[in-house]
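Trainee: Any chance you can model this:
(one chain, ligands or ions: 1)
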Amino acid sequence: MQIQNVGFILILRTFESLNFVKMHIHHIETRPSILNHFIAQVRDCSVQTDRMRFRRNLERIAEILGYEMSKYLEYREQTVTTPLGEKKVPMLARDMVICSILRAGLPFHNGLLNYFDHAENAFISAYRHHTGTKDEFEILVEYLSAPSLENKTLLLADPMLATGQSFVSVYESLKKLGTPAEVHILAVIGARPGIALLEKHFPPETHLWIAAIDDTLNDKGYIVPGLGDAGDLAYGNKLQH
Ligand code: URA
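Mentor: Numbering: from 1, shown residues only. Here you go, the predicted model:
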């Protein structure tokens, strides 16, 4: 029995090192639901002009992704006392940290916090610093405010998973804060090349909760058809630097 286990672990490790064991990708829009209305609204130019609706839709999508994700978390029975008696109920077993990438992550963060109101919070900035005259850029991480992540459930949230470089840079910066027991990445729209990058850089047991998936990126690293610049749509245009 033990020998079989060792053999199984060896096979698993070999598959992992060959990158055959992939991240768990949960593509939520594939089963049509009210979620599709919210995704349609964040994409639709004629609806995007209403910034409050745009922010609220990011929040609503985060709530749905968070709920779907909650079905995969670990629970422990606890007893609650009602006015008439006691009842055992499953409650989340692990401490949780929601880490959002500024600034488009803010409404998304609120949506997750609406459901996981007991969670601790982390904020990190990641922005595209254009390095030359072409459309090349590097991701700069400058601001980080976070608690320890040791043995906790880490939720990494950013509505747009474009090249995937922001998520990878952010994850690298968070490593000094401890090793989370599990990592869940949440995004509204993901581009296939960005998802492929995450699969290379995140541990295979990572879960990706993605509302919608688009095929491509344009020369500037924007998702096509995507929705445009989520930060600008939520909070207004910025000066380029
Ligand atoms: N960030 C956005 O806001 N939109 C994209 O398409 C890519 C990155």
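
Trainee: next SSE after the lowest-mean-pLDDT helix or strand in the chain?
Mentor: For the chain, using mean pLDDT, DSSP states H and E, the weakest element among its helices and strands is helix 2-17, scoring a mean of 51. Per DSSP states H and E, helix 2-17 leads on to strand 24-27 as the next helix or strand towards the C-terminus.

Trainee: next helix or strand past that following strand?
Mentor: Per DSSP H and E, strand 24-27 leads on to helix 35-43 as the next helix or strand towards the C-terminus.

Trainee: what's in contact with that following helix?
Mentor: With contact meaning Cβ atoms under 8 Å, 6 or more residues apart in numbering, helix 35-43 is reached by 28-29, 47-48, 53-54, 57-58, 60-61, 64, 188-189, 211-212, 225-227, 230, 233. Every C-beta, even on glycine, is put in place using the N, C-alpha and C of the backbone.

Trainee: Now the longest helix anywhere in the chain: buried residues?
Mentor: Longest helix of the chain, by residue count under DSSP state H: helix 51-70. By neighbour count on 16 or more other Cβ atoms under 10 Å, the buried set for helix 51-70 is 54-66, 68-69.

Trainee: At the contact with the ligand, which residues of this protein appear?
Mentor: A104, M160, A162, Y222, I223, G226, D229, A230, G231 (Cβ under 6 Å from any ligand atom).

Trainee: Can you list the low-confidence ranges for the chain?
Mentor: Along the chain, the model assigns pLDDT under 70 to residues 1-20, 133, 241.

Trainee: how about a cut-off of 50?
Mentor: The chain contains residues with pLDDT under 50 at 1, 12, 15-17.

Trainee: Okay, strands next: where are they in it?
Mentor: For the chain, strands defined by DSSP state E occupy the ranges 24-27, 75-82, 85-92, 96-102, 120-125, 127-130, 137-140, 144-145, 153-157, 160-161, 182-191, 207-214, 216-217, 223-224.

Trainee: From the rest of the structure, what touches the second one?
Mentor: Residues outside strand 75-82 that contact it (Cβ under 8 Å, 6+ apart) are E86, K87, K88, V89, P90, M91, L92, A93.

Trainee: Neighbour count added to those, as JSON lines?
Mentor: Listed next are those as JSON lines, based on neighbours: other Cβ atoms under 10 Å:
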{"residue": "E86", "neighbour count": "8"}
{"residue": "K87", "neighbour count": "10"}
{"residue": "K88", "neighbour count": "9"}
{"residue": "V89", "neighbour count": "9"}
{"residue": "P90", "neighbour count": "11"}
{"residue": "M91", "neighbour count": "12"}
{"residue": "L92", "neighbour count": "16"}
{"residue": "A93", "neighbour count": "13"}
